[in-house]
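S.K.: need coordinates for the following:
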Amino acid sequence: MNTYIPRRLTVAAVVAASALLGTACSAAESATPEASGSTPDVVEKPVSSSTEPETKPERRPYTISFGGDVHFEGVLRSRLNANPKTALGPIAKVLGAADIAMVNLETAITTGGTPAPGKQYTFRAPASALTALKAAGVDVASMANNHGMDYMQSGLADSLAAIKRSRFPVVGIGRNAAEAYKPWRTTVNGNRVAVIGATQVLDAEFIQAWTATDQQGGLASAKNEARLLQEVRKARKNSDTVIVHLHWGTELQKCPNEAQRSLAPKLVAAGADVVVGGHAHILLGSGYLGRGYVNYGMGNFVFYNWGPETGRTGVLTLTINGRRVIKDRWTPATIQGGVPVPVTGVNGQRATANWKALRGCTGLTPTPS
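M.R.: Numbering: from 1, shown residues only. Sure thing, here's the model as predicted:
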């Protein structure tokens, strides 16, 4: 019979108690911890002498969906003002079905300020734009693009304030370089995911004024390849999946340009598992570069003008486990009234086949190698 004795009893009391109970206690059984005024009189659960090593949660595959360029000009501003929670239309169901969803937010978040001098197209939107993204199932956006600072430093200050108030994650922009290049981090199904945003496209006259430095707020620039690659290597050290979202490409050019073809393998070599982005206003090819996955152009997504080519869009959904991109899936859509509307049936099958064919001029492969 095992007899449990409260900690505060003295050795003499133990002996007396044992005698009264008529129990022959061994020396090991009658030894007790020293009395302590802070130790409660409770019966302690025996502790096993064997200790099992802690096990990390098992990783399981997760999905991340990407949409292309988003702003809220023209007809989209009317939708946003009418109801931010439905501003992105039916494509929200596709975005919301993924574990993570991401888009490129190609606008300054401000209602004031002065537009960039001499710039032909300048985009801005109220803070409700972030509400609209969140309501549509978007989890993170990049503002590292050639419109993120269309309203210069005052617009940047407004954008950063709106982001802070909304608590909506935005990458590629910040009060300094450290903030701009800082990845957004999340854990899903046991996978530690890091997302970095940067732009390879900046108007020559604004490169200096718009690029984040240690002393200046602005955008994360992929033109500073050394800094971007450094951040990818840094993220690689404590992440299971590293994703780089880029603004890159040449407008209306159907194949990746030399700058894209040069940067992509460097990012994969530095530790990026996924490289995805856009700028060209049309779709470009996707596929594997070694074991990394690269998308060269997501096209327009929520956009105020569209045509036969620029209106073709969709959602790219990747299934990932750790560093391995298990599969890609394309949900084709066309822009109608400024928002993407999924294409189904025979037309959807044809659109998906056309999207896969875009890989032909990219040098990418349909499976990892």
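
S.K.: so the residue nearest to Ala135 when sequence neighbours are not counted: helix, strand or coil?
M.R.: With sequence-adjacent residues excluded and distances taken as Cβ to Cβ, 6 or more residues apart in numbering, Ala135 is closest to Lys85, at 4.0 Å. C-betas here are computed from N, CA, C, even on glycine. Using DSSP: H, G, I helix; E, B strand; the rest coil, the secondary structure recorded for Lys85 is helix.

S.K.: from here on, count from 30
M.R.: Yes, from this point I'll number from 30; that puts the last item at Lys114.

S.K.: mind listing the helices for the stretch 230-379 of the chain?
M.R.: Using DSSP state H, counting those that start in this stretch, the helices of the stretch 230-379 of the chain run over 236-239, 254-265, 287-299, 374-386.

S.K.: include distance to Val132 when you put those helices into a markdown table, please.
M.R.: Compiled in a markdown table, the helices of the stretch 230-379 of the chain are given as follows (distance: least, Cβ to Cβ, whole Å):
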| stretch | distance to Val132 |
| --- | --- |
| helix 236-239 | 20 |
| helix 254-265 | 20 |
| helix 287-299 | 19 |
| helix 374-386 | 18 |
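
S.K.: as JSON lines, those with mean neighbour count and mean pLDDT would be great.
M.R.: Output for the helices of the stretch 230-379 of the chain, formatted as JSON lines (neighbours: other Cβ atoms under 10 Å; pLDDT from 0 to 100):
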{"stretch": "helix 236-239", "mean neighbour count": "16", "mean pLDDT": "97"}
{"stretch": "helix 254-265", "mean neighbour count": "19", "mean pLDDT": "98"}
{"stretch": "helix 287-299", "mean neighbour count": "18", "mean pLDDT": "98"}
{"stretch": "helix 374-386", "mean neighbour count": "13", "mean pLDDT": "98"}
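
S.K.: nearest to Met172, out of those helices?
M.R.: helix 236-239 (11.1 Å; Cβ to Cβ).

S.K.: just to revisit the earlier point, where does the residue nearest to Ala164 land on pLDDT?
M.R.: Looking at Lys114, its pLDDT is 97.

S.K.: am I right that Lys114 is in contact with Leu159?
M.R.: No. Using Cβ atoms under 8 Å, Lys114 is not in contact with Leu159, being 12.0 Å away.

S.K.: higher neighbour count, these two?
M.R.: Leu159 (24 against 12; other Cβ atoms under 10 Å).

S.K.: looks to me like the more buried one is in a strand.
M.R.: No. Counting by three-state DSSP, Leu159 is not part of a strand but helix.

S.K.: check contacts around it.
M.R.: Residues near Leu159 by Cβ atoms under 8 Å, 6 or more residues apart in numbering: 138, 191-192, 195, 197, 199.

S.K.: go again using 7 Å as the cut-off
M.R.: Going by Cβ atoms under 7 Å, 6 or more residues apart in numbering, Leu159 touches 138, 191, 195, 197.

S.K.: could you check how far Gly321 is from Glu87?
M.R.: 24 Å (Cβ to Cβ, to the nearest Å).

S.K.: who's more crowded, these two?
M.R.: More neighbours surround Gly321 than the other of Gly321 and Glu87, with 22 against 7 (other Cβ under 10 Å).

S.K.: go ahead and confirm that one touches Gly300.
M.R.: No. Look at Gly321 against Gly300 with Cβ atoms under 7 Å: they stay out of range, at 9.2 Å.

S.K.: residue ranges with poor pLDDT in the stretch 30-179 of the chain?
M.R.: 30-86 (pLDDT under 70).

S.K.: mind listing the strands for it?
M.R.: Using DSSP state E, counting those that start in this stretch, the strands assigned to the stretch 30-179 of the chain run over residues 91-99, 129-134, 137-138, 153-154, 169-171.

S.K.: with Gly219 as the reference, name the closest of those.
M.R.: That would be, of the strands of the stretch 30-179 of the chain and by Cβ to Cβ, strand 91-99, which comes in at 8.7 Å.

S.K.: output the contacting helices and strands for that closest one.
M.R.: helix 121-125, strand 129-134, strand 303-307, strand 329-331, strand 341-350 (3 or more Cβ pairs under 7 Å, 6 or more residues apart in numbering; DSSP states H and E).

S.K.: just put these in CSV and tack on distance to Phe235 and mean neighbour count.
M.R.: Formatted as CSV, those follow (distance: least, Cβ to Cβ, whole Å; neighbours: other Cβ atoms under 10 Å):
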stretch, distance to Phe235, mean neighbour count
helix 121-125, 31, 18
strand 129-134, 18, 28
strand 303-307, 19, 28
strand 329-331, 22, 27
strand 341-350, 27, 23
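
S.K.: take these and lay them out in JSON lines including distance to Gly374.
M.R.: Shown next, in JSON lines, are the helices and strands packed on strand 91-99 (distance: least, Cβ to Cβ, whole Å):
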{"stretch": "helix 121-125", "distance to Gly374": "16"}
{"stretch": "strand 129-134", "distance to Gly374": "24"}
{"stretch": "strand 303-307", "distance to Gly374": "26"}
{"stretch": "strand 329-331", "distance to Gly374": "22"}
{"stretch": "strand 341-350", "distance to Gly374": "15"}
